[in-house]
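Colleague: sequence first, predicted model second:
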Amino acid sequence: QQYTRASYDNILFDDDQEQRKSPQQRAILLNERQRELSNERQRKLSNERQWELSNTTTTTLE
């Protein structure tokens, strides 16, 4: 059984095995991937915020 490939699949899945999974499984994989990405983004933001905070405190001390 052949499923049509959505264009975004190529970006999210390098593995051909994942491409052939059912649409339901693919939706689950997409959700997981997007959650990972947003978590990563949150981490990056908080890191940048902490860096800015530490930077501003050092500049005000001088």
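Modeller: Received the coordinates, thanks.
Colleague: what stretches of this protein score poorly on pLDDT?
Modeller: The model of the chain has pLDDT under 70 over residues 1-21, 57-62.
Colleague: how about the strand or helix carrying residue 48: buried residues?
Modeller: In this structure, residue 48 sits in helix 23-61 according to DSSP states H and E. By neighbour count on 16 or more other C-beta atoms under 10 Å, the buried set for helix 23-61 is residue 26. Just so you know, the C-beta spots here come from the backbone N, C-alpha and C atoms, and that holds for glycine as well.
Colleague: helices or strands up against it?
Modeller: helix 7-12 (3 or more C-beta pairs under 8 Å, 6 or more residues apart in numbering; DSSP states H and E).
Colleague: now residue 36: how far from residue 54?
Modeller: Counting by C-beta to C-beta, to the nearest Å, the gap from residue 36 to residue 54 is 27 Å.
Colleague: ok, residue 42 next?
Modeller: Residue 42 is 19 Å from residue 54, by C-beta to C-beta.
Colleague: and residue 34, how far from residue 54?
Modeller: 31 Å.
Colleague: go on, residue 32?
Modeller: 33 Å.
Colleague: go on, residue 26?
Modeller: 42 Å.
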